[in-house]
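In: with the input below, show me the fold.
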Amino acid sequence: MTEEKSLNFPIQGRASCPNCGSEEQIARQYFSELESKGKIPKDSLTHGCQLRLPIMQVLTGPIVSPKAEIPILTIDFDVCGVCFTIYATSITVINQAVQMKQVGPQMNKGQSPFEGLPFGHG
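Out: Numbering: from 1, shown residues only. The predicted model follows:
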């Protein structure tokens, strides 16, 4: 019987392109330029681009409180400045506190209980 491997977060990704080895990262360079021009606060973006995948199945069970936390898989990635390969620079899981809207007659018809959340459909 094989032992199931468990992931330990954060997972450090690549600092250079896996295809050509270049350390030029388009998003990181662009955000650095915006910081140096004063258009965004210093250290506001540390990982280039980011993809957040909320794990919504956690919210399908009974919720005791209107406040809940959901795990969000966060993948930081960038694009090589030489060959344009997209690659992960780090992968983490964060817990996002969310306040659930009460579902019931007081909600507008068709209104989602997830409306207004950073990943919601509202």
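In: CA only for contacts and neighbour counts going forward, please
Out: Fine.
In: identify the residues contacting the lowest-mean-pLDDT helix or strand in the chain?
Out: Least confident element among the helices and strands of the chain, by mean pLDDT, DSSP states H and E: strand 49-54 (a mean of 79). Contacts to strand 49-54, defined as C-alpha atoms under 8 Å, 6 or more residues apart in numbering, come from residues 27, 70-78, 119.
In: likewise stretch 3-19?
Out: 22-24, 80, 83, 85, 87-93.
In: just the buried positions in it, please.
Out: Residues 15-17 are the ones in stretch 3-19 that count as buried (16 or more other C-alpha atoms under 10 Å).
In: so what's Asn19 scoring on pLDDT?
Out: Here the pLDDT value assigned to Asn19 is 96.
In: these two touch, right, Val82 and Gly21?
Out: No - contact between Val82 and Gly21 fails when scored by C-alpha atoms under 8 Å: they sit 9.3 Å apart.
In: let's have the contacts of strand 49-54 in JSON lines, adding pLDDT, neighbour count and distance to Ile55.
Out: Shown next, in JSON lines, are those (pLDDT from 0 to 100; neighbours: other C-alpha atoms under 10 Å; distance: C-alpha to C-alpha, whole Å):
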{"residue": "Ala27", "pLDDT": "88", "neighbour count": "18", "distance to Ile55": "26"}
{"residue": "Ile70", "pLDDT": "80", "neighbour count": "16", "distance to Ile55": "7"}
{"residue": "Pro71", "pLDDT": "84", "neighbour count": "16", "distance to Ile55": "6"}
{"residue": "Ile72", "pLDDT": "85", "neighbour count": "18", "distance to Ile55": "6"}
{"residue": "Leu73", "pLDDT": "87", "neighbour count": "17", "distance to Ile55": "8"}
{"residue": "Thr74", "pLDDT": "87", "neighbour count": "17", "distance to Ile55": "11"}
{"residue": "Ile75", "pLDDT": "89", "neighbour count": "21", "distance to Ile55": "13"}
{"residue": "Asp76", "pLDDT": "88", "neighbour count": "20", "distance to Ile55": "17"}
{"residue": "Phe77", "pLDDT": "90", "neighbour count": "22", "distance to Ile55": "19"}
{"residue": "Asp78", "pLDDT": "92", "neighbour count": "26", "distance to Ile55": "23"}
{"residue": "Phe119", "pLDDT": "57", "neighbour count": "13", "distance to Ile55": "10"}
